[in-house]
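S.K.: output the structure for:
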Amino acid sequence: MTPTSTLPEPASGVTPMRADASLIGLIGLAHLTSHFSQLLLAPLFPWLKDAFGVSYAELGLLMSIFFVVSFAVQALSGFVVDRFGPRPILFGGLALIGIAALGYSVSTSYWMMVGFAALAGVGNGVFHPVDYTLLNRKVSAPRLGHAYGVHGITGSLGWALAPALVVTLTLAYSWRVALAAAAVLVFAVLAVLVLNRDKLTLSVAAPVKDAPAVDGGLSFLRIPAVWMCFVFFFWNAMALSVVQAFAPEAARQLHAVPLPLVAMCLTTYMVCSAGGMVLGGFLAADPARCERVVGAGFGLAVVISLVLALSGVSAWLVPVLFGIMGLGTGIAGPSRDLLVKRSTPENASGRVYGVVYAGMDIGQAVSPLIFGVLMDHGQYRGVLLGLALLQGVLIASAFNVRRVRRTALVAA
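M.R.: This next block holds a predicted model:
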């Protein structure tokens, strides 16, 4: 059957609230762990720089390796999820992340860190195809927008937890203790999911009534909106990588922010992003306005980035501004995920999400190489201006997804 860019309606039956809530909670916990693993190293760059005698660009390369590997695995794991089901793939990904975190903690050279960053990238690459396949196939349609909201919230909380945990333990003990504790946390989450494995069961061949279908291969790649979503998530990841790895330090250099407040910037951003996703989940209840919600959220983020880059704000105000920026991006989060949902044939969910979210991994691999060089050359204002530019491009990309999808519908 020829692929289509129309949005299939989820199954008409409504799953009991308790079953939906349990599934959403377990997937959210796994998603939190994935995002937690992505930020284990970046907050420790000042300590790792001294420990291994490397530059910020070399440390940024660790993130690039992580996300390049994650990109390759994510694009392929969607096919594996569609073929074998999501549960065993999820368990394997969590196990690899735990092993990698433990490996970080015992590394005695930069090149050992490189190897474990690659291993962590393999584990991280499975989550989006797994998560969205389970959500789209098992959660009732009336609760799907809220499921996306919770999924985004837990991811933001994972990003917030990582710097809070590893920096605190590093200051109290050492970066090795901090990373070993992170490994223990990952294995604990894996144990919880294994104990609740029956809730993560999904029939590989589960039919969806009246849903458009694609064949089991690559025909979904002929849907133009899929590639527009890929481009959107590429820019989204580049902007996010700047916030995670470099923007707090750039703001510290421009506004003389004390180190304790710098550590608060990223955590405040992620916590406020999670709060914004609560509101974003309600706004996503109407899929027709998802592009406008994305535009408004990232528009607010652009304004804050420009304020940080161009104005002379007080040091105490910098974490507050990061929080407002996080709120804007959080509001856009659930609607951002609907951009993909509205372009996804139901029985190709794993493959589509694997390819689209691979754009995030590429963006997070490329961004540290560019902005790490800017940091090494002291171009702190350029880092924040670049962040504003990326956020502005995101707004245009969201509306481009809608344009391409509508063009395809007219043609059909």
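
S.K.: list the buried residues in the helix or strand where I97 lies.
M.R.: Using DSSP states H and E, I97 falls within helix 86-106. The neighbour-count check on helix 86-106 (16 or more other CB atoms under 10 Å) flags 86-87, 89-94, 96-105 as buried. C-betas here are computed from N, CA, C, even on glycine.

S.K.: try stretch 25-43
M.R.: Applying a neighbour-count criterion of 16+ other CB under 10 Å, one finds 26-43 buried in stretch 25-43.

S.K.: out of the residues you listed, list just those in helices.
M.R.: Members of these lying in helices (criterion: DSSP state H): 26-38.

S.K.: could these be laid out in JSON lines, adding pLDDT and distance to L321?
M.R.: Putting those into JSON lines (pLDDT from 0 to 100; distance: CB to CB, whole Å) gives the following:
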{"residue": "L26", "pLDDT": "95", "distance to L321": "35"}
{"residue": "I27", "pLDDT": "95", "distance to L321": "32"}
{"residue": "G28", "pLDDT": "94", "distance to L321": "28"}
{"residue": "L29", "pLDDT": "96", "distance to L321": "30"}
{"residue": "A30", "pLDDT": "96", "distance to L321": "31"}
{"residue": "H31", "pLDDT": "94", "distance to L321": "27"}
{"residue": "L32", "pLDDT": "95", "distance to L321": "25"}
{"residue": "T33", "pLDDT": "96", "distance to L321": "29"}
{"residue": "S34", "pLDDT": "94", "distance to L321": "27"}
{"residue": "H35", "pLDDT": "91", "distance to L321": "22"}
{"residue": "F36", "pLDDT": "94", "distance to L321": "24"}
{"residue": "S37", "pLDDT": "93", "distance to L321": "27"}
{"residue": "Q38", "pLDDT": "90", "distance to L321": "23"}
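
S.K.: mind giving me JSON lines with the residues you listed and columns for distance to F67?
M.R.: Output for those, formatted as JSON lines (distance: CB to CB, whole Å):
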{"residue": "L26", "distance to F67": "25"}
{"residue": "I27", "distance to F67": "22"}
{"residue": "G28", "distance to F67": "22"}
{"residue": "L29", "distance to F67": "22"}
{"residue": "A30", "distance to F67": "19"}
{"residue": "H31", "distance to F67": "17"}
{"residue": "L32", "distance to F67": "18"}
{"residue": "T33", "distance to F67": "17"}
{"residue": "S34", "distance to F67": "12"}
{"residue": "H35", "distance to F67": "13"}
{"residue": "F36", "distance to F67": "15"}
{"residue": "S37", "distance to F67": "11"}
{"residue": "Q38", "distance to F67": "8"}
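
S.K.: widest-spaced pair of those?
M.R.: L26 and Q38 (19.7 Å; CB to CB).

S.K.: can you give me the neighbour number for the nearest residue to G378 once chain neighbours are set aside?
M.R.: Leaving aside its sequence neighbours, G378 sits nearest to Q253 (CB to CB, 6 or more residues apart in numbering; 7.7 Å). Around Q253 sit 15 other residues, with neighbours defined as other CB atoms under 10 Å.

S.K.: secondary structure element holding Q253?
M.R.: Counting by DSSP H and E, Q253 is found in helix 247-255.

S.K.: using CSV, list the CA coordinates for that helix.
M.R.: This file holds the C-alpha atoms of helix 247-255, laid out as CSV (Å, rounded to 0.1, in the frame of the first residue of the first chain):
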residue,chain,number,x,y,z
ALA,A,247,25.2,28.0,27.7
PRO,A,248,25.5,28.1,31.6
GLU,A,249,29.3,28.5,31.4
ALA,A,250,28.9,31.2,28.6
ALA,A,251,26.5,33.1,30.8
ARG,A,252,28.9,32.8,33.8
GLN,A,253,31.6,34.4,31.8
LEU,A,254,29.4,37.2,30.4
HIS,A,255,27.6,38.0,33.7
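
S.K.: give me the contact list for that helix.
M.R.: For helix 247-255, the external contacting residues (CB atoms under 8 Å, 6 or more residues apart in numbering) are 257, 259, 262-263, 265-266, 308-309, 312-315, 318, 322, 375, 378, 380-381, 383-384, 387.

S.K.: now, those that are in helices?
M.R.: Counting by DSSP H, the part of those found in helices is 259, 262-263, 265-266, 308-309, 318, 322, 375, 380-381, 383-384, 387.

S.K.: how about stretch 180-194: buried residues?
M.R.: Judged by neighbour count (16+ other CB under 10 Å), stretch 180-194 contains these buried residues: 180-183, 185-187, 189-190, 193.

S.K.: from what I can see A147 touches L135, true?
M.R.: Yes: the pair A147 / L135 is scored as a contact, 5.1 Å apart, by CB atoms under 8 Å.

S.K.: what is in contact with those two at once?
M.R.: Each of I24 lies in contact with both A147 and L135 under the rule CB under 8 Å, 6+ apart.

S.K.: tell me how far the host helix or strand of S273 is from the chain's mean position?
M.R.: Element membership of S273, judged by DSSP H and E, is helix 259-283. Remark: helix 259-283 is offset 14 Å from the chain centroid, using CA atoms, centre = their mean, to the nearest Å.

S.K.: tell me which strands and helices that helix is in contact with?
M.R.: Here helix 259-283 is seen to pack against helix 144-172, helix 224-245, helix 247-255, helix 290-310, helix 317-341 when contacts are counted using 3 or more CB pairs under 8 Å, 6 or more residues apart in numbering; DSSP states H and E.

S.K.: quick one: closest of the ones you listed to M63.
M.R.: In terms of CB to CB, the element of the helices and strands packed on helix 259-283 nearest to M63 is helix 224-245, at 6.5 Å.

S.K.: distance between that closest one and the chain's centre?
M.R.: That offset, for helix 224-245, works out to 10 Å (CA atoms, centre = their mean).

S.K.: how about stretch 306-324?
M.R.: Distance, centroid of stretch 306-324 to centroid of chain: 24 Å (CA atoms, centre = their mean).

S.K.: ends of it, what's the gap?
M.R.: Distance across stretch 306-324, first residue to last, is 13 Å (CA to CA, to the nearest Å).
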